[in-house]
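In: structure of the sequence below:
(one chain, ligands or ions: 1)
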Amino acid sequence: MKAILFALLFSVLFVSETFAQKRNVIDDEANVPEYKLPDVLTRFNGGKVKSAKVWFNKQRPEILKKFTDEVYGKVPGKLDISDVKVWETSDDAINGLAKRKQLSLFFKKGDRSLEVNVLMYLPKSQQKAPVFLAYNFSGNHAVYNDPNIRLTESWVNNDPSVGIINNQVTEQSRATASNRWPVEEIIKAGYGLVTVYYGDVDPDKNDFSDGIEQFFYQENQTRPKYDEWGSIAAWSWGLSRVMDYLEKDEQVDSKKVAVLGHSRLGKTALWAGATDQRFAMVISNESGCGGAALSKRIFGETVQIINTSFPHWFCGNFLKYNNNEEELQVDQHMLLALIAPRPLYVASAEGDKWADPRGEFLSAKYASAVYELLGLEGLPSKVMPEVNHPVMGTIGYHIRSGKHDLTLYDWQQYIKFADKFF
Ligand code: GCU
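Out: As a prediction, the model looks like this:
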């Protein structure tokens, strides 16, 4: 009886909570409550940052620490690649335009082992190619129509419409995300594409028993501690390990690696760029809440909503800011500022209110102060550009027409941006 009552109470609370969430979503500019952002060039002790030296030696590390402690969580230890296995290479991929390479990075600790599959297409026109490094959502085989790509054996979110059944992909899953990956255009522009399925590093579910996190557990530990990494930081860690490999690959210009991600993987790319300065360029495609969008500006997805729907993405400490964003000592423009002086591109879509396009733009705008302190042009526009009118300083931004997606149009801007700097 007691159990039934509890279940009833729980479901009433749950339903009203879900209801409250829905009711609270703001998607009308007129309803955005007032908010105050911390100034990126004001120290936590109140002092002002007036030189590049103070930025790099004091302010940057302090901001990075706040994001580590309060938002994404710290990496609990060090683990290097223990083995690299090259599965296959070809000099005749993409109608003879590209080299293809498939390899696995292995991580080992005690009796645990993790395999991360890497797919690379490199332009034959280049001895050492600049590359885009990007995670994909459902396996390397989904990225391009090439029967030689190995099917992932990792856990993948079910989606029968693309042949993913019992959390395993099938032949039917091939090339099902190819509309997001204009591989031929990328290759023809002189860039390589390096891609990895993010679930190889940590399957995207609220379960910390199956990804990289468990490699660092102390006895009886079953999930990361409050200040330790959530999945976004774990995925970012994975990007850094891929970078460790790329630094050793003679066919890649590792000084010209642009890390790119869409949506949750955009949040991941930003955190990778902030924590690992070897990434020479960072591209956030519609990363939204916990990515490029400001948290204190309440519009679309909020901290409370994201922590409720995806309790495994951020560190435990981030829960303190559910409906309590004003207590955060940082906001996402300060994350973007950590990328300086490296080129940074932030992109939004008009039909993607959930990710708060204006919040993403403002974040890029306020991060510009740091670029300017370093003698660079940040975002060239002080007002939000028109739809489909990209602006490109050392920070680039566009809002394109259409919905939440990674499209050819987005890639065309990223290629242009890379051409400007690489
Ligand atoms: C959800 C989530 C977003 C995330 C997106 C995605 O919509 O709320 O924060 O960016 O999924 O990764 O596609």
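
In: how about the closest residue to the ligand within the stretch 101-250 of the chain: what's its closest non-neighbour residue?
Out: Nearest to the ligand, among the residues of the stretch 101-250 of the chain, is Phe137, at 7.9 Å (Cβ to the nearest ligand atom). For every residue, glycine as well, the C-beta is placed using N, CA and C. Closest residue in space to Phe137, ignoring its immediate chain neighbours: Ala177 at 6.5 Å, by Cβ to Cβ, 6 or more residues apart in numbering.

In: quick one: contacts for the one you found?
Out: Ala177 sits next to Asn136, Phe137, Ser138, Ala142, Val143 when contact means Cβ atoms under 8 Å, 6 or more residues apart in numbering.

In: verify the contact between the last one and Tyr121 for me.
Out: So the one you mean is Val143. No: look at Val143 against Tyr121 with Cβ atoms under 8 Å: they stay out of range, at 9.1 Å.

In: what touches both of those two?
Out: With Cβ under 8 Å, 6+ apart as the test, Val143 and Tyr121 both reach Val183, Leu193.

In: quick one, which of these two is more surrounded?
Out: Between Val143 and Tyr121, counting by other Cβ atoms under 10 Å, Tyr121 is the more crowded of the two (28 against 25).

In: what strand or helix carries the more buried one?
Out: Assigned by DSSP states H and E, Tyr121 belongs to strand 112-123.

In: Gln168 reaches Val156, doesn't it?
Out: Yes: with contacts counted by Cβ under 8 Å, Gln168 reaches Val156, the gap being 6.9 Å.

In: which of those two has more neighbours?
Out: Just comparing Gln168 and Val156: by other Cβ under 10 Å the higher neighbour count belongs to Val156, 23 against 15.

In: OK, contacts around the more buried one?
Out: With Cβ under 8 Å, 6+ apart, Val156 has these contacts: Ser138, Gly139, Ile164, Asn167, Gln168, Val169, Tyr197, Gly199.

In: what helix or strand does it sit in?
Out: Applying DSSP H and E, one finds Val156 in no helix or strand.

In: same question for Asp91.
Out: Counting by DSSP H and E, Asp91 is part of strand 83-93.

In: which positions within that strand qualify as buried?
Out: Ala93 (16 or more other Cβ atoms under 10 Å).

In: helices or strands up against it?
Out: In terms of contacts (3 or more Cβ pairs under 8 Å, 6 or more residues apart in numbering; DSSP states H and E), strand 83-93 is packed against strand 98-109.

In: quick one: list the elements packing against the strand it packs on.
Out: Helices and strands touching strand 98-109, by 3+ Cβ pairs under 8 Å, 6+ apart, are strand 83-93, strand 112-123, helix 231-246.

In: now the longest one against strand 98-109, angle please.
Out: Note on geometry: by axes from the mean of the first three to the mean of the last three Cα atoms, to 10 degrees, helix 231-246 and strand 98-109 are set 120 degrees apart in direction.

In: brilliant, that's me finished.
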